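Q: requesting a structural model of the entry that follows:
(chains A, B, C and D)
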4 protein chains.
Amino acid sequence: MSIRIFVTGGTFDKEYNELTGSLAFEDTHLPEMLRLGRCRVDVSVRTLMMIDSLEMTDADRALIVEQCRQAPESRILITHGTDTMVETAAALAAALAPESRQTIVLTGAMIPYAFGSSDGLFNLGSALSLVQVLPAGVYIAMNGRYFASDRVRKNKDTGVFEAT
Amino acid sequence: MSIRIFVTGGTFDKEYNELTGSLAFEDTHLPEMLRLGRCRVDVSVRTLMMIDSLEMTDADRALIVEQCRQAPESRILITHGTDTMVETAAALAAALAPESRQTIVLTGAMIPYAFGSSDGLFNLGSALSLVQVLPAGVYIAMNGRYFASDRVRKNKDTGVFEAT
Amino acid sequence: MSIRIFVTGGTFDKEYNELTGSLAFEDTHLPEMLRLGRCRVDVSVRTLMMIDSLEMTDADRALIVEQCRQAPESRILITHGTDTMVETAAALAAALAPESRQTIVLTGAMIPYAFGSSDGLFNLGSALSLVQVLPAGVYIAMNGRYFASDRVRKNKDTGVFEAT
Amino acid sequence: MSIRIFVTGGTFDKEYNELTGSLAFEDTHLPEMLRLGRCRVDVSVRTLMMIDSLEMTDADRALIVEQCRQAPESRILITHGTDTMVETAAALAAALAPESRQTIVLTGAMIPYAFGSSDGLFNLGSALSLVQVLPAGVYIAMNGRYFASDRVRKNKDTGVFEAT
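A: Down below sits the predicted model:
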């Protein structure tokens, strides 16, 4: 089974820029994380963008949708900032044809992977497993749980994803 | 959904004892790992033993089987040393009644969680997700993959779990 | 020998706030770092402020100077943001009486301690050793080196402290 | 100022071998640690041996002494297992000519650097600073403190170095 991973940025991949003292994006940490997890799943990683999901535009979402549509793989994992992950999941669910055979799982992190105490590796293990097993559809995998794209919200006060 | 987690030790929970310079077991890191993963799944953790799986006896395996049998939960995750994980999975599969409705997933780590570069958090995220989704049966979750208990071996040369 | 440690904030103590996605200060990590270093030097830690050194005012510097003057200890270590560490060192050197018997060492970090790959622990070991050994005066300890307060600048392009 | 660093192994450089589940030596982590510390001191690192200091023989110690004698640098840092660090320091002090102008500082770690929660980086920062500042002689730098070679012992019960 071959799995496509699309990287869009988000907290997952934020870095601390030591010259400016601010957070920024450089390269994705996905390949390093897969190595650390000793992952032996057949994956191909492609970076679509490296942005904070609060800055994601409709055009960005259209690009993500289009890339999923064109992907030959039926199993797709998307790393995404948590702030608008629900919106992108909804856009994907709306755009995919009802007869689509694709399983798409979005995940992210509350703490950057580079910061040592991240939930990113846990979430990646979770999402990568779910995308292999769940039936066709669009899902969010966070906090060890998974949610259908139209049944989830991020609680802004707690940072936790909840069923709606 | 409530998930039972049984801890049996293994590399997952090995620590470096700085007075003796050797590896040893103290308390399990499972609760800390679940916290780090911001896990919001309803789990109850119970430590059955804290041993290297090379030292696991038939009596130890009988205890694990019995605890699974008696558990009210239908979803059970077992942390286990990788060296004899396949044997314990086989013992569980042999002992469970065919009509059992339990999904049991064993996982472990190649590097102790306490050592910073562990695969443990990735594997925990993976196993905890799979145990929620897979049908009744006994499985091993390692390397981002999952295997039915009778279709897997650990390659001793590479440390990787493979389908048989 | 008793050593006074004054905490003023800086990158050393920055944290990632996962609800806002921004960097912020909470409590100092100094006690945890001393524990990690298995430090057995007799120290007393006091937090004077928790700020980014770019926001340090003349009043803040006056407070630091006054606290050093009043400290009964002759050996003082100050953790400080790197951006204006040289200015504070100069203020201290200007304010201390020529006959002062105090050795004051300022140090900081380029990467927050909480972020895993920090230079903070290295710098703390360095500064804590130098403050025990150097003669009276005001110094900066960074990059494994030490500098008299009037012979140093931070190179903004490289983030490295250099002799002038 | 140029500093020679001799690596002899010890807990500092122990690794977890994931295939055998035991502790072993591979390459030294010194260069990586110096990079992490953003060290800008002029150092040259040479590995003399990679052994547990409990296994260090008289011949090994003679080699270390000889290498120090022949080193053109007057400032030498030695990384060493903590169990027999005091013995090697004594051998060095006994062998060096009274008129020697060399400052030699031995340091080590209680927890392997690779294990995430190590005291190694703190100790390295400490030793590297002390070797630049202390007068000629042989010293041990541990626990944020330094000791003349003939005034120190390791407390086997606590793992802490103490003045005698």
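
Q: quick check: nearest residue in space to the residue of chain A found nearest chain D, chain neighbours excluded?
A: Among all residues of chain A, residue A:116 sits closest to chain D, at 8.2 Å; criterion: Cβ to the nearest Cβ. Placement of C-beta: from N, CA and C, glycine included. Leaving out its chain neighbours, the residue that sits closest to residue A:116 by Cβ to Cβ, 6 or more residues apart in numbering or on different chains is residue C:116, at 2.6 Å.

Q: now for that neighbour, how many residues are close by?
A: Neighbour count of residue C:116, defined by other Cβ atoms under 10 Å in any protein chain shown: 18.

Q: list the residues that contact it.
A: By Cβ atoms under 8 Å, 6 or more residues apart in numbering or on different chains, the contact list for residue C:116 reads A:114-117.

Q: so which residues of chain A form strands?
A: A:2-9, A:14-17, A:22-25, A:42-51, A:75-79, A:103-107, A:137-142, A:145-148, A:152-155, A:160-163 (DSSP state E).

Q: quick check: residue A:77 touching residue A:127?
A: Yes - using Cβ atoms under 8 Å, residue A:77 is in contact with residue A:127, at 5.3 Å.

Q: who touches both of those two?
A: Contacts common to residue A:77 and residue A:127, judged by Cβ under 8 Å, 6+ apart, are A:105-107.

Q: redo these as CSV? Include pLDDT, distance to residue A:59 and neighbour count.
A: What follows is the shared contacts of residue A:77 and residue A:127, written out as CSV (pLDDT from 0 to 100; distance: Cβ to Cβ, whole Å; neighbours: other Cβ atoms under 10 Å in any protein chain shown):
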residue, pLDDT, distance to residue A:59, neighbour count
A:105, 98, 23, 27
A:106, 98, 18, 29
A:107, 98, 23, 29
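
Q: next up, the contacts around residue A:152.
A: Contacts for residue A:152 (Cβ under 8 Å, 6+ apart) come out as A:86, A:89, A:140, A:161-164.

Q: go again with 10 Å.
A: A:85-86, A:89-90, A:106, A:139-140, A:142, A:145-146, A:161-164 (Cβ atoms under 10 Å, 6 or more residues apart in numbering or on different chains).

Q: which of those are buried?
A: Neighbour-count burial (16 or more other Cβ atoms under 10 Å in any protein chain shown) applied to these gives A:85-86, A:89-90, A:106, A:139-140, A:142, A:145-146, A:161.

Q: restrict the residues you listed to those near chain C?
A: When contact is defined as Cβ under 10 Å from any Cβ of the partner chain, those do not meet chain C at all.

Q: if I look at residue A:113, how far off is residue A:15?
A: 9 Å (Cβ to Cβ, to the nearest Å).

Q: need the overlap of contacts for these two.
A: Once Cβ under 10 Å, 6+ apart is applied, the residues that residue A:113 and residue A:15 both contact turn out to be residue A:29.

Q: so between those two, which is more surrounded?
A: residue A:113 (25 against 17).

Q: thinking that one is in contact with residue A:120, fair?
A: Yes - because the distance of 4.0 Å satisfies Cβ atoms under 10 Å, residue A:113 is recorded as touching residue A:120.

Q: find the residues that touch each one of these two.
A: A:11-13, A:29-30, A:33, A:79.

Q: tell me the one among these nearest to residue D:132.
A: Taking Cβ to Cβ as the measure, residue D:132 sits nearest to residue A:29 out of the shared contacts of residue A:113 and residue A:120, at 36.2 Å.

Q: what about that closest one, how many residues close to it?
A: The tally of other residues near residue A:29 (other Cβ under 10 Å) stands at 23.

Q: distance of it from residue B:105?
A: Note on residue A:29: its distance to residue B:105, by Cβ to Cβ, is 26 Å.

Q: and the buried ones among the contacts of residue A:152, which is closest to chain B?
A: After measuring the buried ones among the contacts of residue A:152 against chain B - Cβ to the nearest Cβ - the closest member comes out as residue A:145, at 5.8 Å.

Q: can you name the residues of chain A that neighbour chain D?
A: So chain A meets chain D at A:18, A:38, A:116 (Cβ under 10 Å from any Cβ).

Q: could you dump these into CSV and include pLDDT?
A: Output for the residues of chain A next to chain D, formatted as CSV (pLDDT from 0 to 100):
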residue, pLDDT
A:18, 91
A:38, 97
A:116, 78
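
Q: can you tell me which of the residues you listed are in helices?
A: Among the residues of chain A next to chain D, no member falls in helices (DSSP state H).

Q: where does the prediction get shaky in chain A?
A: For chain A, no stretch has pLDDT under 70.

Q: near chain C, which residues of it? Just list them.
A: A:10-11, A:14-23, A:52-54, A:81-83, A:109-119, A:156-159.

Q: now which of those residues would you call buried?
A: Buried among the residues of chain A next to chain C by 16+ other Cβ under 10 Å: A:10-11, A:14-16, A:18, A:21, A:23, A:52-53, A:81-83, A:109-116, A:118-119, A:159.

Q: contacting residues for the residue sitting furthest away from the middle of chain A?
A: The C-alpha centroid of chain A is most remote from residue A:19, which lies 28.5 Å away (Cα atoms, centre = their mean). By Cβ under 10 Å, 6+ apart, the contact list for residue A:19 reads C:110, C:156-159.

Q: can you redo the residues you listed as CSV, where the extra columns are distance to residue A:100?
A: As requested, the contacts of residue A:19 are exported to CSV (distance: Cβ to Cβ, whole Å):
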residue, distance to residue A:100
C:110, 48
C:156, 52
C:157, 51
C:158, 51
C:159, 49
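
Q: closest to residue B:99 among the residues you listed?
A: Using Cβ to Cβ, residue C:110 is the member of those that sits closest to residue B:99, with 61.4 Å.

Q: the closest one reaches residue C:120, doesn't it?
A: Yes - if you go by Cβ under 10 Å, residue C:110 and residue C:120 touch, sitting 8.6 Å apart.

Q: mind listing the shared neighbours of the two?
A: Both residue C:110 and residue C:120 are in contact with C:11-12, D:37, where contact means Cβ under 10 Å, 6+ apart.

Q: and those as a markdown table, adding distance to residue A:42?
A: What follows is these, written out as a markdown table (distance: Cβ to Cβ, whole Å):
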| residue | distance to residue A:42 |
| --- | --- |
| C:11 | 41 |
| C:12 | 43 |
| D:37 | 39 |
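
Q: going by distance to residue D:4, which of those residues wins?
A: The closest of those to residue D:4 turns out to be residue D:37 (Cβ to Cβ; 17.4 Å).

Q: how many neighbours does that closest one have?
A: Quick note: residue D:37 (other Cβ under 10 Å) scores 27 neighbours.

Q: one step back: tell me which of the strands of chain A sits nearest to residue B:45.
A: Nearest to residue B:45 among those is strand A:145-148; the distance by Cβ to Cβ comes to 17.2 Å.
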